[in-house]
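*Asks:* this one's sequence-less:
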């Protein structure tokens, strides 16, 4: 059935963002994080386009995400490693595990090993083996393609970035790893963090993790939704749950097929904006689960059944809504038709 709301996805912008990040990565190869269903855009379509552009390294969180990409025949790394339940999938050979713990390393060795990646913790205290583990010989005998770590604060200019970089650099040659990888999107904008392979995510999809990348990253996602009803709200009447907006004068209002169940959060209540052609439209009252109201002031030709576009430039939308750019992307719901242009 035709969906009453859609995401317009700019494939050219996606590819251009990757090419820009590839150039900024210098001599390092540039991969792509396509976890969380390609940050909400659709992992298969994202990965296909980036592979055609020259990307050769893809990163997902778990084995189900890797299995979804298996028909494309790509080089995929699974960031969360291998549980016991994952071993049949891992043995099928369509992706490499990123081993994170001594238990995972032992499990992989016991199964006969094979090519893998390894995460080392350099200060984030999330996933990863320790430098002491490496010094103690934990990784001996492994066929390691990539030794990687993850920056905790790359979107900020703080001393911890250099501490993590130096700790990671000290591991060069300490393992059998063919490559070293540290930088995410924000890390690519830092000087001296690229090593052999970068792993951008947010910036591929139009997010701007650091001001340095503002002019380099193009928006990829536009939200469009259909008007279900045009109505006249009289002066003094209210709109939506808890009556948070009162009409100061007679106002034409569109009730639109979009809500927080689709990832257009309540944080946009009263502050979000949309457009009918070039006419700006403000969100009125509370965003509800399936519906949002917008003012049609100046939009005399807009009628029931028309489509309007909601402003979704990620840094701006994050500032307005109070949500992070990551949350805004990955929460985009299944009810959207995803239309690539």
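*Replies:* Yes, it's here. All values reported here derive from a predicted model rather than from experimental measurement.
*Asks:* and residue 1, what pLDDT?
*Replies:* According to the prediction, residue 1 has pLDDT 84.
*Asks:* Count the neighbours of it for me.
*Replies:* 4 (other CB atoms under 10 Å). Just so you know, the C-beta spots here come from the backbone N, C-alpha and C atoms, and that holds for glycine as well.
*Asks:* cool, residue 278 as well?
*Replies:* Neighbours of residue 278 (other CB under 10 Å): 5.
*Asks:* how close does it get to residue 107?
*Replies:* Plainly put, residue 278 is 58 Å away from residue 107 if you go by CB to CB, to the nearest Å.
*Asks:* Break down the stretch 101-250 of the chain into its helices, ranges please.
*Replies:* Under the criterion DSSP state H, counting those that start in this stretch, the stretch 101-250 of the chain contains helices at 102-110, 131-135, 159-169, 185-188.
*Asks:* Deepest-packed of those helices, please.
*Replies:* With neighbours taken as mean count of other CB atoms under 10 Å, those reach their highest mean count in helix 185-188, at a mean of 26.
*Asks:* That one - contacts with which helices or strands?
*Replies:* Applying 3 or more CB pairs under 8 Å, 6 or more residues apart in numbering; DSSP states H and E, one finds that helix 185-188 contacts helix 11-24.
*Asks:* contacting residues for the residue most central in space within the chain?
*Replies:* Here the mean C-alpha position of the chain is nearest to the C-alpha of residue 39 (CA atoms, centre = their mean), at a distance of 3.3 Å. Shown in contact with residue 39 (CB atoms under 8 Å, 6 or more residues apart in numbering): 33, 46, 201, 202, 204, 205, 326, 329, 330.
*Asks:* what's the neighbour count on residue 130?
*Replies:* 13.
*Asks:* ok, now how distant is the nearest residue to it once chain neighbours are set aside from residue 303?
*Replies:* Spatial nearest neighbour of residue 130, excluding adjacent residues (CB to CB, 6 or more residues apart in numbering): residue 121 at 6.0 Å. Distance, residue 121 to residue 303, by CB to CB: 57 Å.
*Asks:* If you count surrounding residues, which of those two has more?
*Replies:* residue 121 (18 against 12).
*Asks:* any idea how far the more buried one lies from residue 101?
*Replies:* For residue 121 relative to residue 101 (CB to CB), the value is 10 Å.
*Asks:* hey, what's in contact with both of these two?
*Replies:* With CB under 8 Å, 6+ apart as the test, residue 121 and residue 101 both reach 127, 129.
*Asks:* excluding its backbone neighbours, what's nearest residue 255?
*Replies:* In space, residue 255 is closest to residue 229, 4.5 Å off (CB to CB, 6+ apart).
*Asks:* Show me where the stretch 101-250 of the chain has its strands.
*Replies:* 115-119, 143-148, 179-181, 197-198, 221-233, 238-239, 245-246 (DSSP state E, counting those that start in this stretch).
*Asks:* Measure how the longest one sits relative to helix 11-24, angle-wise.
*Replies:* Interaxial angle of strand 221-233 relative to helix 11-24 (axes from the mean of the first three to the mean of the last three CA atoms, to 10 degrees): 140 degrees.
*Asks:* what is the mean pLDDT for strand 221-233?
*Replies:* On average, strand 221-233 scores 98.
*Asks:* Dump the strands of the stretch 101-250 of the chain to a markdown table, plus mean neighbour count.
*Replies:* Output for the strands of the stretch 101-250 of the chain, formatted as a markdown table (neighbours: other CB atoms under 10 Å):
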| stretch | mean neighbour count |
| --- | --- |
| strand 115-119 | 24 |
| strand 143-148 | 22 |
| strand 179-181 | 22 |
| strand 197-198 | 24 |
| strand 221-233 | 18 |
| strand 238-239 | 17 |
| strand 245-246 | 18 |
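*Asks:* which one of these lies closest to residue 14?
*Replies:* strand 221-233 (9.6 Å; CB to CB).
*Asks:* other SSEs contacting that closest one?
*Replies:* strand 5-9, strand 251-256, strand 307-310.
*Asks:* partner strands of that strand, parallel or antiparallel?
*Replies:* strand 5-9 (antiparallel), strand 251-256 (antiparallel), strand 307-310 (antiparallel) (DSSP bridges).
*Asks:* Outside of that strand itself, which residues are in contact with it?
*Replies:* 4-10, 41, 205-206, 239, 247, 250-258, 264, 291-292, 296, 302-310, 312, 314, 329, 332, 336.
*Asks:* Show the buried residues in the residues you listed.
*Replies:* 4-10, 41, 205-206, 239, 247, 251-258, 264, 291-292, 296, 302, 307-310, 312, 314, 329, 332, 336 (16 or more other CB atoms under 10 Å).
*Asks:* Now do the contacts for the nearest residue in space to residue 29 that is not next to it in sequence.
*Replies:* Of all residues not flanking residue 29 in the chain, residue 197 sits nearest, at 4.9 Å (CB to CB, 6+ apart). Taking CB under 8 Å, 6+ apart as the criterion, residue 197 is in contact with 28, 29, 30, 31, 57, 146, 148, 179, 180, 181.
*Asks:* Can you tell me which of those residues is closest to residue 75?
*Replies:* residue 57 (5.7 Å).
*Asks:* so what's the closest one up against?
*Replies:* Neighbours of residue 57 in contact, by CB under 8 Å, 6+ apart: 29, 31, 32, 75, 77, 197, 199.
*Asks:* In strands, which of these fall?
*Replies:* Under the assignment DSSP state E, those contribute 29, 32, 77, 197 to strands.
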